[in-house]
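A.B. asks: With the sequence up front, the predicted model follows.
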Amino acid sequence: MATRHSFLSTTGLIRAPSNASSIVSLYPASSPPVDAESSTQKKTKNLKSKNIKNLTLPPTETPNLKRRAHAGVIPLGPVFIVGMAVVLSLFYIGALSFAFIGAEDEAVFKDMLNDLARNDPGILLIGDNVDVDVDEPAITVRWSLVACGQTYLLPGSEGTHGSSLCGIPNVPLNVYVDGDEKPTWSYDPDKIPSSSAGFSRLSVQNLYQFDSDHVLDVHEARLYPFDTYHLTTNLRAEVANTSTPTSIVRLVTLSDTASFIVHSFDTASTVLPSSSSSMSDSDAASSTELPSRDLDMTIKRPGEARFFALMLFGISWMMAHATVGYVALAWKSTSSSRVAYYLVLSVITMMVIPQLRNTMPDAPGYDGVLIDQIGFFSQMVMAGIATITLLCTLAKRELASISEDNEQPTQSTAASTPGPMKALKGPSASIDFRHMRSLSKNFLTKLDRAPPTPIPESPLNPFEPEAPPVQRSGGSYQAGRRGQRNGFPSQVEFSKWV
């Protein structure tokens, strides 16, 4: 049997027993008992006749803090990615720093000096430094005077260049470079100071080292960074007190410098004494030749310098080509702000290209070398033309926008002014009413015409025949049924009707 609910239960004022259980469940068991009817009335007063079917609150949804996996793979967070990038960067920097470990000056000539001391003792010159000046062009060699073997060695000076069998010579010497009549440098062993203990000599570089300047062969200087320089020099030595010639057993130079690689090759040679020019032919033939030593040097750029120079050369060309792209983009763009943006980029490019040219390792001056003819000068010309084109384009766009802004107010004023007011030429001008005369004439001519046929209020029935007008007394006619139904007057003068 179906249960019939009352009006109060259906409106929510009195709840069913099933809903009352949910209300009772809201109160804890420790609370004092409350009358169910009074509690229901209080709730209904507070809710103001709202139909509440269930007082239990819906469960709050907790945010899902777990990352969603895609195909079984959990994506990495941004913090983790940034942290990994920092760690890899530090690891890369640390790995490069290991290149400085063990890069101290090594005894490059140690093995060679030991071999000379055992097999061919004597006096030799070592080029500890080779300074190449491309702009001069010239080369400066720092020579060190070294003696190998107990016969030529100054006691207490052993250990030069890492060799315990070589040191400073024990005899005074005069050194002649490239056939000089006067000695280029003189050496005196008595000026070498000794330690306080008296067992060793102090190595004062200025007392046993000297510099020699030479002119380079610059036929290939314009091929930077593939430029190559050649040098040939001659050196001889003699004892200062007795002018006795002394053989130089070796001339050797450093192979690796900061900007160049030096390949040297020395050979034994002989020269005539400088005073032989004033001698007679018989005396010159009887004079002995003096021993000397020739050195051939070939100086080139290292592979690393060539690589970086070519990389900077390519980057400069790419930036110059970018300016042409700026011009193409500005030509397609209709916004003046975009053209100004490309103009700024082009100007920045013109400022960056010279800096890239100066960044090339040991680059020569702007003397028109090959890399400048096919690179720097052409790049600056291209970037300059692009900058001028962008500047002209921007000026054209700005002038066009200014002219459009000046035309728009005139057109808007003309469009908003009515027809008769167009004759107004100022605040003090009068209105031209001459056109009103033509309007009055047209109006009067229209009044003389016959009135138009009135529009029927209802559509005509095409199948209904038209009744002829009935003549009445007085010479007037009465319209038929159709005319009367269409709104015509019942009595119309015949002459007017026709």
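C.D. replies: Cool, the structure landed.

A.B. asks: Could you report the distance from the nearest residue to Pro183 once chain neighbours are set aside to Thr184?
C.D. replies: Leaving out its chain neighbours, the residue that sits closest to Pro183 by Cβ to Cβ, 6 or more residues apart in numbering is Asn174, at 3.9 Å. Bear in mind the C-beta positions are built from the backbone N, C-alpha and C, glycine included. Using Cβ to Cβ, to the nearest Å, Asn174 is found at 8 Å from Thr184.

A.B. asks: quick one on the thing from earlier: list the contacts of the residue nearest to Pro183.
C.D. replies: Counting by Cβ atoms under 8 Å, 6 or more residues apart in numbering, Asn174 makes contact with Pro183, Trp185, Ser186, Tyr187, Ala237, Glu238, Val239, Ala240.

A.B. asks: can you tell me which two in the residues you listed are farthest apart?
C.D. replies: Farthest pair in the contacts of Asn174 (Cβ to Cβ) is Trp185 and Val239. Separation: 14.2 Å.

A.B. asks: Show me the beta-bridge partners of the residue nearest to Pro183.
C.D. replies: Ser186, Glu238 (DSSP bridges).

A.B. asks: Would you work out how far apart the start and end of stretch 357-376 are?
C.D. replies: Start-to-end span of stretch 357-376 (Cα to Cα, to the nearest Å) is 7 Å.

A.B. asks: Helix, strand, or coil at Ser259?
C.D. replies: Classification of Ser259 by DSSP: H, G, I helix; E, B strand; the rest coil places it in coil.

A.B. asks: likewise Leu235?
C.D. replies: What three-state DSSP gives for Leu235 is strand.

A.B. asks: try Gly384
C.D. replies: Gly384 carries the three-state label helix when classified by three-state DSSP.

A.B. asks: Contacts only, for it.
C.D. replies: Here Gly384 is in contact with Met350 (Cβ under 8 Å, 6+ apart).

A.B. asks: the more surrounded of Trp185 and Val239?
C.D. replies: When Trp185 and Val239 are compared for neighbours, Trp185 comes out ahead with 18 against 14, by other Cβ atoms under 10 Å.

A.B. asks: residue contacts, the more buried one?
C.D. replies: Trp185 neighbours (Cβ under 8 Å, 6+ apart): Asn174, Val175, Phe210.

A.B. asks: switch to 7 Å and redo it
C.D. replies: Val175, Phe210 (Cβ atoms under 7 Å, 6 or more residues apart in numbering).

A.B. asks: Near Arg142, how many other residues are there?
C.D. replies: With other Cβ under 10 Å as criterion, Arg142 counts 17.

A.B. asks: Setting aside sequence neighbours, what's the nearest residue to it?
C.D. replies: Setting aside the residues directly before and after it, Arg142 is nearest to Asn129 in space (Cβ to Cβ, 6+ apart), at 4.0 Å.

A.B. asks: Okay, now the unreliable bits of the chain?
C.D. replies: 1-72, 102-106, 198-199, 274-287, 408-498 (pLDDT under 70).

A.B. asks: Going by residue numbers, what spans are strands in it?
C.D. replies: Secondary structure of the chain, counting by DSSP state E: strands at 122-133, 138-148, 166-167, 173-177, 185-187, 209-215, 228-239, 245-246, 248-253, 261-271, 290-300, 470-471, 477-478, 491-492.

A.B. asks: Pick the most buried one from those.
C.D. replies: Compared across the strands of the chain, strand 166-167 shows the largest average neighbour count, a mean of 27 (mean count of other Cβ atoms under 10 Å).

A.B. asks: what's that strand in contact with?
C.D. replies: Taking Cβ under 7 Å, 6+ apart as the rule, strand 166-167 contacts Leu113, Ala117, Val146, Ala147, Cys148, Leu153, Leu154, Ser157, Glu158, Gly159, Thr160.

A.B. asks: What's the ChimeraX syntax to select whichever of the residues you listed are buried?
C.D. replies: Selection of buried members from these for ChimeraX, criterion 16 or more other Cβ atoms under 10 Å:
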select :113,117,146,147,148,153,154,157,158,160
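
A.B. asks: out of the contacts of strand 166-167, what pair is the most spread apart?
C.D. replies: Leu113 and Leu154 (15.0 Å).

A.B. asks: mind checking how far Leu251 is from Val146?
C.D. replies: Relative to Val146, Leu251 is positioned 11 Å away (Cβ to Cβ).

A.B. asks: And Met84, by the same measure?
C.D. replies: From Met84 to Val146 the distance is 55 Å (Cβ to Cβ).

A.B. asks: do Thr232 as well
C.D. replies: Taken as Cβ to Cβ, the span from Thr232 to Val146 is 22 Å.

A.B. asks: same thing with Leu223?
C.D. replies: 36 Å.

A.B. asks: Can you name the residues bridging to Pro291?
C.D. replies: With DSSP bridges as the rule, Pro291 is bridged to Thr270.

A.B. asks: And for Phe109, the neighbour number?
C.D. replies: Neighbour count of Phe109, defined by other Cβ under 10 Å: 22.

A.B. asks: didn't it look like it was pressed against Thr160?
C.D. replies: No - using Cβ atoms under 7 Å, Phe109 is not in contact with Thr160; the gap is 9.1 Å.

A.B. asks: Which neighbours do the two have in common?
C.D. replies: Residues touching both Phe109 and Thr160 by Cβ under 7 Å, 6+ apart: none at all.

A.B. asks: Gln209 contacts Asn129, correct?
C.D. replies: No - at 9.4 Å, Gln209 does not count as touching Asn129 under the criterion of Cβ under 7 Å.
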